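K.L.:
coords please:
(4 chains)
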Protein chains: 2
Amino acid sequence: MPDVTIAEVASHAGVSPSTVSYVLNGNPKISDHTRERVRASIKALNYRPHAGARALRSGRTDVVALAIPMYEWTNERVVMPFVYGVVEAARRHGWNVMLLTDAEHGAEIDQVVRSKMVDGVVLMEVREDDERVAALSGLEARAVTLGMPLQGSSMPYVDFDFEACGRASVDYLVELGHTQIGLLAAPSGVFNRKLGYAQRLWQGVSERLRELGLDFHGCPMEPTMDGVLDALDGLYKKVPGLTAVVVHNEGSLDTLLQALKQRDKDVPSDLSVLAVCQRDLALRVSPVLTCMDVPAVEMGRGAVELLHAREPTSYLVAPVLVPGASTGPPRSRGRVREALTTRRADKPVGPVRAT
Amino acid sequence: MPDVTIAEVASHAGVSPSTVSYVLNGNPKISDHTRERVRASIKALNYRPHAGARALRSGRTDVVALAIPMYEWTNERVVMPFVYGVVEAARRHGWNVMLLTDAEHGAEIDQVVRSKMVDGVVLMEVREDDERVAALSGLEARAVTLGMPLQGSSMPYVDFDFEACGRASVDYLVELGHTQIGLLAAPSGVFNRKLGYAQRLWQGVSERLRELGLDFHGCPMEPTMDGVLDALDGLYKKVPGLTAVVVHNEGSLDTLLQALKQRDKDVPSDLSVLAVCQRDLALRVSPVLTCMDVPAVEMGRGAVELLHAREPTSYLVAPVLVPGASTGPPRSRGRVREALTTRRADKPVGPVRAT
DNA sequence: ATGAAAGCGCTAACAC
DNA sequence: GTGTTAGCGCTTTCAT
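P.N.:
Residues are numbered from 1 along each chain as shown, chains lettered A, B, ... in the order given. The predicted model follows:
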């Protein structure tokens, strides 16, 4: 089966190559009758345009690059849904996805962009002073980031609104009657790498607690049993009356639940646990965690849409609360609730609720 | 910064375009002196060959497609290391990787191959009657599978030797003195999908047990706490004296350990647990599991090497035992050990040990 | 509404 | 050892 060219399709359909090209590219000036004949020939000959020839002539490839992170603390379970979202949306636009890892400090990106293999690039987990951003500056490819750069680069981004999420998490727990709330945060490596999202959640939680006149205590947490126990014990030492925690650490959700069992803390009666993570992950542990859903697939899609948009505008995805079995009122409450009720009157709190 | 072409490099270096092309493609007939001058010009002008033009002319793209599975039971933690291995090896050959998901029943593969976007395809998790294999047959692209097809297709593959692994697992446990050994197998979805590897491990374990005159009891296991408890309780019901299990279920390792705690079974004194999984996963639970390491990154690399080889030959990767804290001798033993010793004399058992 | 024709940037056969 | 040259298969301007 030799390769069919546009010329063969053309002669099969009794038209010129340009007409076939017009049909292929949706030129509206082609008559319905001709279009159908050409389509029939394309099908009959099982024709596929040569991507290289098309790219050479048109300057477009309909391929986007996806640069996925490869840090030692990267959690595959967290990354993959973003990837699926990107691939899915890309294909909806008729694009393919070139997979890059950032092992070579931006050199892969430079290569695929400058050799015109891709029309655009999606960057995941951009750090401060990211070499990939530098590699991309001065190149003509479109680029978006999946995750908000810490320093405002000029690149459009789509990200989860971690700060609003932190605030909403506090509000939700306060509304339940909690006043002694802690934060079990991302591993310290994430903070050190200047990734932004860890800080932004931290800030949202701490600011909102302070606004409500409550104390804040947070602790980064390593994704091992020892790390989790350390963080947990540290928090209880600082806040003996702790009744609720926000957890921003996808890799440690079940470890945390085990650790709590080990410390004889019942969830939620001794401790309410509110996770910031993808819905799936919250559902896969026992008890099912109440979570602030990070809609990874949708965000991956969003990044591709941004690449497609004629005027890309960065945006943040609002947190959505997905109720689970891990949160409830604290054991002892009373006037706290009154205080809250008063507060709510002048400033509404609480995130959107999942349907 | 306009795009530099080969002609501009040529005139900058004072040579003809073909000479630049020869340098680019490593033609040995170019003199060292010329080669250096051309290289200098390439660097000075920051030149990158246009991938489309090169593909159009040469018929090669230096891109390989990776078709990753997207089944509901797919474990991202398991898949990603294979992907990393593929990407890494591809780049070592100067290739890029196009990422495909099999959402469209092979149509994506057909598209990228027939439009000449890729030179080869790596197929992950090929099933019996896989639509992707059908899509690929009759196409001229090279193709390899990462995972052995159940029905012998003609495609070269690299896979883990699950059958040998099953046998070696039994031997290892029998050598420790166990005689009541069970198998906690992959989720039933994996068996139903005719993926091969689940069956092959099952077969290895059961055959070796029978050869040694021991009973076999196995049970598929769903990756939820309920599923794990069901499988475990079922196994204990059938084999009340159970002292060891082989687990072939990456998604349930920590759930299993929790379930055992819940049933008051100490590991390894009440039950030895031998996992068939990637080394990493075995290290990340507590206690650290003894495992038969599935070297995913290396296998990913191997698939790419197969694509590169002039005469690709399928091969199976031998199991390597990585000792952990989850296996030991059973509580009560005695004459069993003698029986084994006799047996070993005429047929050596046991896998390669990790260094 | 359709066709003719001019390349896009590169490689490789061939000439010298 | 290096240059000349003829396209690869497609898109797109311009003509009709």
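K.L.:
residues near the residue in the stretch 151-300 of chain A positioned nearest to DNA strand C, how many?
P.N.:
Residue nearest to DNA strand C within the stretch 151-300 of chain A: A:Met155 (26.3 Å; CB to the nearest atom of the strand). In short, each C-beta sits where N, CA and C put it, glycine included. For A:Met155, the neighbour count with other CB atoms under 10 Å in any protein chain shown is 20.
K.L.:
same question, A:Leu306
P.N.:
A:Leu306 has 25 nearby residues by other CB under 10 Å.
K.L.:
also A:Lys194?
P.N.:
16.
K.L.:
wait, a strand at the residue of the stretch 151-300 of chain A closest to DNA strand C?
P.N.:
No - counting by DSSP: H, G, I helix; E, B strand; the rest coil, A:Met155 is located in no strand; its state is coil.
K.L.:
phi, psi of it?
P.N.:
Per-residue torsions, A:Met155: phi -80, psi 140 (degrees, to the nearest 10).
K.L.:
ok, now how distant is it from chain B?
P.N.:
Per CB to the nearest CB, to the nearest Å, A:Met155 is found 19 Å from chain B.
K.L.:
wait, doesn't that residue sit right on A:Val144?
P.N.:
Yes - shown here, A:Met155 and A:Val144 form a contact pair, counting by CB atoms under 8 Å, at 6.2 Å.
K.L.:
can you give me the helices for the stretch 201-350 of chain A?
P.N.:
Applying DSSP state H, counting those that start in this stretch to the stretch 201-350 of chain A gives helices spanning A:225-238, A:253-262, A:279-283, A:296-308, A:335-346.
K.L.:
output the contacting helices and strands for the shortest one.
P.N.:
Contact here means 3 or more CB pairs under 8 Å, 6 or more residues apart in numbering or on different chains; DSSP states H and E; on that basis helix A:279-283 packs against helix A:76-92, strand A:290-293.
K.L.:
any buried residues in it, and which?
P.N.:
Buried residues in helix A:279-283, counted by 16 or more other CB atoms under 10 Å in any protein chain shown: A:Arg279, A:Leu281, A:Ala282.
K.L.:
run through the stretch 151-300 of chain A and note the low-pLDDT ranges.
P.N.:
Low-confidence segments of the stretch 151-300 of chain A, defined by pLDDT under 70, are located at A:152.
K.L.:
for the residue most central in space within chain A, which residues are in contact?
P.N.:
The centroid of chain A falls nearest to A:Ala296 when counting by CA atoms, centre = their mean (4.2 Å). Going by CB atoms under 8 Å, 6 or more residues apart in numbering or on different chains, A:Ala296 touches A:Val78, A:Pro81, A:Phe82, A:Gly85, A:Gln278.
K.L.:
quick one: the residue lying closest to the fourth one once chain neighbours are set aside and A:Val228, what's the gap?
P.N.:
Spatial nearest neighbour of A:Gly85, excluding adjacent residues (CB to CB, 6 or more residues apart in numbering or on different chains): A:Gly300 at 2.2 Å. A:Gly300 sits 29 Å away from A:Val228, going by CB to CB, to the nearest Å.
K.L.:
where exactly do the strands run in the stretch 51-200 of chain A?
P.N.:
Using DSSP state E, counting those that start in this stretch, the strands of the stretch 51-200 of chain A run over A:63-68, A:96-101, A:120-124, A:142-146, A:157-160, A:181-185.
K.L.:
of those strands, which approaches chain B most closely?
P.N.:
Of all the strands of the stretch 51-200 of chain A, strand A:96-101 sits nearest to chain B, with 4.2 Å by CB to the nearest CB.
K.L.:
relative to helix A:296-308, how tilted is that closest one?
P.N.:
With axes from the mean of the first three to the mean of the last three CA atoms, to 10 degrees as the basis, strand A:96-101 and helix A:296-308 are set at 110 degrees to each other.
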